[in-house]
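>>> Here is the input, now give the coordinates:
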Amino acid sequence: MYVSHSRHVRAAIAAAALITASTAAGVVSPAVASADTAQAAAPAVAAAPAVAAAPARFHEAGDLFKVLQFPTLPGAVSGSAAQPVSAEPTPPPAPAPAPPPPPPTSVTPEELARIVPGMPPEKIAQYIAPLNDAMAHGGIDNPVRQAAFIAQLAVESDSFRTFEEYASGSEYEGRADLGNTQAGDGERYKGRGAIQVTGRHNYESVSQFTGIDFVANPELLEAPENAFNTAAWYWTSRNLNQVADSAGIVRVSELVNGGHHALERRVADFQRGLDVLIHP
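Sure thing, here's the model as predicted:
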């Protein structure tokens, strides 16, 4: 059978490649055993040059990468270049939020009834919430302050029976110290609220503080929430918490009333309030 010259050449090259690979692996391929037969069957073709068995070069994977000019195995780090990987420092735990301050101690309806024995029961139920709200906003938050505050309000409002002065207010007419500079100011701005805010000047000041126009609408001071809020405004505007803590009930009474009117009752109500609030 005729075999072309080109086929002989290709066969020789393939045989050489197989011999090299098999020698490197230490295995003799059947193609080597048949190489002489292939040469004998094709006498017209020049014998292919002998291929020397190549020494085994690729014993380890590292050798192969060196031949291919890789300095290190892909993904590996050389010993000299290896650096310890430091983890990000763990941030310290956030401090726990501070607990909210305890709410001010409220006066119970039963305590108010004992402090002001003449107070009508229906008024206690109606007034206890706005009274406690006003004391909380005014920092009236300990037994001394609360007893002094309630004692003054009880006298000024006739045991919380009224938030409007019984008298007409005509005696305040023309009182420049109260700001009554216009005709009719005495009656218009007579005592109102739980602490009997009196005079145009005080009505103007409490209007600025609350945002409610008591100058144009003086009767709004008689509403329970306004009556107690304005009493707390009067109390704090004259720093009566500090006075109650240090100077005592007589000085508080002078700053509220301007004198010693019903002083014995104010002192008695204050003492009773302390007894109730300290020993409930």
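>>> Buried ones in the helix or strand harbouring V206, by neighbour count?
Using DSSP states H and E, V206 sits in helix 200-210. Across helix 200-210, burial judged by 16 or more other C-beta atoms under 10 Å covers R200, H201, N202, Y203, S205, V206, S207, F209. For glycine as for every other residue, the C-beta is placed from the backbone atoms N, C-alpha and C.
>>> what does it rub up against?
Contact with helix 200-210 is made by 178-182, 185, 188-189, 197, 213-215, 218, 221, 226, 229-230, 233-234, 237, as judged by C-beta atoms under 8 Å, 6 or more residues apart in numbering.
>>> can we see that at 6 Å?
Outside helix 200-210, the residues that touch it by C-beta atoms under 6 Å, 6 or more residues apart in numbering are L178, G179, N180, D185, Y189, V197, D213, F214, V215, T230, W233.
>>> Could you do stretch 164-178 as well?
Under the criterion C-beta under 6 Å, 6+ apart, residues N180, G186, E187, K190, G191, R192, Q196, G199, H201, E222 lie in contact with stretch 164-178.
>>> out of those, which are buried?
Judged by 16+ other C-beta under 10 Å, buried ones among these: N180, G186, E187, K190, G191, R192, Q196, G199, H201.
>>> which of those lies closest to L153?
Checking the buried ones among the contacts of stretch 164-178 against L153 by C-beta to C-beta gives Q196 as the nearest, at 9.2 Å.
>>> what residues are up against that closest one?
Applying C-beta under 6 Å, 6+ apart, we find Q196 in contact with E156, E165.
>>> Quick check: the gap between it and Q152.
10 Å (C-beta to C-beta, to the nearest Å).
>>> What of A231?
As judged by C-beta to C-beta, A231 and Q152 stand 8 Å apart.
>>> So for F228, what's the nearest residue that isn't a sequence neighbour?
A134 (3.8 Å; C-beta to C-beta, 6 or more residues apart in numbering).
>>> Give me the neighbour count for that neighbour.
25 (other C-beta atoms under 10 Å).
>>> Point me to the helix or strand that includes it.
Using DSSP H and E, A134 sits within helix 121-137.
>>> now R114, what's its secondary structure?
helix (DSSP: H, G, I helix; E, B strand; the rest coil).
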